[in-house]
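Student: the sequence and its predicted three-dimensional model are supplied below.
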Amino acid sequence: MTVICWFRRVLRLDDHPALVAAAQDGPVIPLVILDPAEAAAHPASAQRQAMALPALSAALQAQGSRLVVRRGDTAAVLAQVIRDSGAVAVHASEGMPFARDAGLEGVTGAAGAVLHLHPLADLVPRGSVRTKTGTGFKVFTPFWRALRQTGIAAPLSAPRLTPPDRWPASDGPDWPEARVAMNRGWDVVAPHIQAGEAAANHRLDAFLDRVTSRYAERRDRPAEGDATSGLADALAVGEISARRIWHRALDAQHHGSGGIEDFLRELAWRDFSRDLFHASPDMDRLCWRKEWNGFSWEPDGPAADAWRQGRTGVGMVDAGMREMFVTGRMHNRVRMIAASFLIKHLMIDWRVGLDWFARCLVDWDAANNAMNWQWVAGCGPDASPFFRVFNPDAQGTKFDPGHRYRNHWLDPDAEGARQFAQAAPRSWRIDPADRPPPMIALDQGRQRALAAYRSFARRD
Ligand code: FAD
């Protein structure tokens, strides 16, 4: 009896629990759904997924299978493919955000197939790392210690797939809605992406071979492009699993590579954020510390536009916003600086920034994005306190001492600044030579934020 394996942001054959289960169940139809609603909400991430499809399709073909791609509303497509193929079961990974899974069982059931949701191949199953009293961790360091003592399950090998007797029709791998929603065109971001399962594995190998020994020392320096793994986008679309990364990193450690422990610790932040998001599915909309929902943030408006468009006049912030617009990525240190500037110096609602990142990042991940924005805002669980206001200039001096990163994105003759000027929508009127003065004096902004915070804290 034919079954469907719905590849849902798990765009690989290796370590894919849903695919392994499907292969044991019967002949498999591998299915990807390109939903316009998803493309509209997260166009860069949608583009990143679309770019992974040719490699996935080739890998399936190499073992006599195929990738069926269908465009349209998820529920409608799922029901249609079940009817077209006569499939009796749908195997899929649980969705991220997890709450999206509500109602799917009814959809597949009505079309005649049983839905089996399988855990994502993260380091640990959701909610399995617990405090002594059985609750979830709210602080990262104890979570990390407990996770480090847990045996991380071995990754699953890619299964052999039996093809079905007949294949349902397939659309091409193009996602036109994502192209339309991308506010800077597909071709801007594409050259900065290496898509596919093989490319992700290759990147991991190169990173483990060369880089990890100086990871802790270099990971905060945005000018050193190869200092971190660069795997966030591959993880976000599921071209590689966190478990595979973990075990390969441990192998490298056994063979003498240094710095692995620091790298594994960073990787564990991803599981931490997923655990939190699982426990608080509204974490991308509501402050985790409920009292913060009463704070008077500034709304979206012209100041937020200046931030989005990289013309705040504050070097590290503008460089970061430009980097994200052109490449779909932003260095982690710079994300913290740019987010802090929006929330603290401009006092703009963290959700304004979260939404912009969700549109622009190729590595957009609902849980990581929400947890990190709340971390910077000070309203999350293990969060940086609100009174910790990053000084973007001091951060630049410390982490970009030679100005290499800033110059690349801000110097009108530099490659990055040129790419940004070409990519920016005409309505932004970006003149590469025009560097505006800082829109707010850094100390004044800091004092204003602290005063607002003090008065808010007194009110409680
Ligand atoms: P490496 O240093 O090589 O780390 C390996 C992996 O560990 C990463 O790929 C990532 O999966 C995980 N990791 C590392 N740092 C973090 C972290 N702080 N939180 C959670 N996981 C982490 N990351 C996303 O994947 N998607 C997002 O949407 C996202 N939004 C963010 C928003 C803000 C405001 C901030 C401050 C950070 C955000 N991050 C997000 C976390 C982080 O910036 C990226 O994961 C990082 O830039 C990835 O680069 P890398 O793969 O080279 O990391």
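Tutor: That came through fine.
Student: any idea which helix or strand comes after the helix or strand of the chain with the lowest mean pLDDT?
Tutor: When the helices and strands of the chain are compared on mean pLDDT, DSSP states H and E, helix 176-181 comes out lowest with a mean of 82. With elements assigned by DSSP states H and E, the helix or strand that comes after helix 176-181 is helix 186-189.
Student: state the mean pLDDT of that following helix.
Tutor: Helix 186-189 comes out with an average pLDDT of 88.
Student: now it, how far from the chain's geometric center?
Tutor: When C-alpha coordinates are averaged (CA atoms, centre = their mean, to the nearest Å), helix 186-189 and its chain have centres 18 Å apart.
Student: secondary structure element holding Val107?
Tutor: Per DSSP H and E, Val107 falls inside helix 104-111.
Student: report the buried residues of the helix or strand following that helix.
Tutor: Later in the chain than helix 104-111, the nearest helix or strand by DSSP H and E is strand 114-118. Of all the residues in strand 114-118, those buried under the rule 16 or more other CB atoms under 10 Å are 115-118. From N, CA and C alone the C-beta is placed, and that goes for glycine too.
Student: strand 114-118 versus helix 104-111: what angle between them?
Tutor: Angle of strand 114-118 versus helix 104-111, following axes from the mean of the first three to the mean of the last three CA atoms, to 10 degrees, is 150 degrees.
Student: C-terminal to strand 114-118, what's the next element?
Tutor: helix 140-148.
Student: what's near enough to touch the closest residue to Phe386 other than its chain neighbours?
Tutor: Distance criterion CB to CB, 6 or more residues apart in numbering; nearest residue to Phe386, sequence neighbours excluded, is Gly378 at 3.5 Å. Residues near Gly378 by CB atoms under 8 Å, 6 or more residues apart in numbering: 292, 384-388.
Student: out of those, who's nearest the ligand?
Tutor: Among those, Ser384 lies closest to the ligand (CB to the nearest ligand atom), at 9.8 Å.
Student: correct me, but the closest one touches Asn372?
Tutor: No - taking contacts as CB atoms under 8 Å, Ser384 lies outside contact range of Asn372: 10.1 Å.
Student: other SSEs contacting the helix or strand harbouring Asp205?
Tutor: Element membership for Asp205, per DSSP H and E: helix 197-210. Contact partners of helix 197-210 among helices and strands, from 3 or more CB pairs under 8 Å, 6 or more residues apart in numbering; DSSP states H and E: helix 43-62, helix 232-236, helix 242-254.
Student: mind checking the SS state of Val69?
Tutor: The three-state label given to Val69 by DSSP: H, G, I helix; E, B strand; the rest coil is strand.
Student: test my guess that it contacts Ala169.
Tutor: No - using CB under 8 Å, Val69 makes no contact with Ala169, being 10.0 Å away.
Student: of those two, which one has the most company?
Tutor: More crowded of Val69 and Ala169, by other CB atoms under 10 Å: Val69, with 23 against 10.
Student: what's around the closest residue to the ligand within the stretch 51-200 of the chain, how many residues?
Tutor: Closest to the ligand within the stretch 51-200 of the chain is Phe140: 9.3 Å, counting by CB to the nearest ligand atom. By other CB under 10 Å, the residues close to Phe140 number 19.
Student: let me see the contact set for it.
Tutor: 268-269, 272, 382.
Student: what sits against the residue of the chain most remote from its centre?
Tutor: Checked against the mean C-alpha position of the chain, the extreme residue using CA atoms, centre = their mean is Asp165, at a distance of 37.2 Å. By CB under 8 Å, 6+ apart, the contact list for Asp165 reads 2, 27.
Student: just the one 5 residues further on next, same as before
Tutor: Ser170 sits next to 66-70 when contact means CB under 8 Å, 6+ apart.
Student: do the same with Glu415
Tutor: Residues near Glu415 by CB under 8 Å, 6+ apart: His408.
Student: again with Asn368
Tutor: 232, 269-270, 273.
Student: what's the spacing between it and Val334?
Tutor: Using CB to CB, to the nearest Å, we find Asn368 at a distance of 15 Å from Val334.
Student: so which bits of this protein are right by the ligand?
Tutor: Selection of the chain residues close to the ligand by CB under 6 Å from any ligand atom yields 219, 228-232, 235-236, 266-267, 269-270, 273, 332, 335-336, 339, 357, 361, 363-365, 368-369, 372-373, 376.
Student: low-confidence ranges, the chain, go.
Tutor: Low-confidence segments of the chain (pLDDT under 70): 98-99, 460.
Student: just the C-alphas of the top strand by length along the chain, formatted as CSV.
Tutor: Secondary structure assigned by DSSP state E gives strand 28-34 as the longest strand of the chain. Provided in CSV are the C-alpha atoms of strand 28-34 (Å, rounded to 0.1, in the frame of the first residue of the first chain):
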residue,chain,number,x,y,z
VAL,A,28,6.9,5.9,-0.9
ILE,A,29,5.8,9.1,-2.7
PRO,A,30,8.2,11.8,-1.5
LEU,A,31,6.2,15.1,-1.4
VAL,A,32,7.1,18.7,-1.0
ILE,A,33,4.3,21.4,-0.7
LEU,A,34,5.1,24.9,-1.7
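Student: list the buried residues for the helix or strand following that strand?
Tutor: Counting by DSSP H and E, the next helix or strand C-terminal to strand 28-34 is helix 36-41. For helix 36-41, the neighbour count (16+ other CB under 10 Å) marks 36, 38-39 as buried.
Student: buried residues in stretch 138-147?
Tutor: 138, 140, 143-144, 146-147.
Student: give me the distance from it to the chain's centre.
Tutor: On CA atoms, centre = their mean, the centre of stretch 138-147 falls 21 Å from the chain's centre.
Student: ok so, going back, closest one to the ligand out of the buried residues of helix 36-41, please.
Tutor: Closest to the ligand, out of all of the buried residues of helix 36-41 and judged by CB to the nearest ligand atom, is Glu38, at 14.8 Å.
Student: related to what we said a few turns ago, what is the least confident helix or strand of the chain packed up against?
Tutor: helix 36-41, helix 43-62.
Student: deepest in the core, which of those is it.
Tutor: helix 43-62 (a mean of 22; mean count of other CB atoms under 10 Å).
Student: same for that helix, what does it pack against?
Tutor: Using 3+ CB pairs under 8 Å, 6+ apart: helix 43-62 touches strand 28-34, helix 176-181, helix 186-189, helix 197-210, helix 232-236, helix 350-360.
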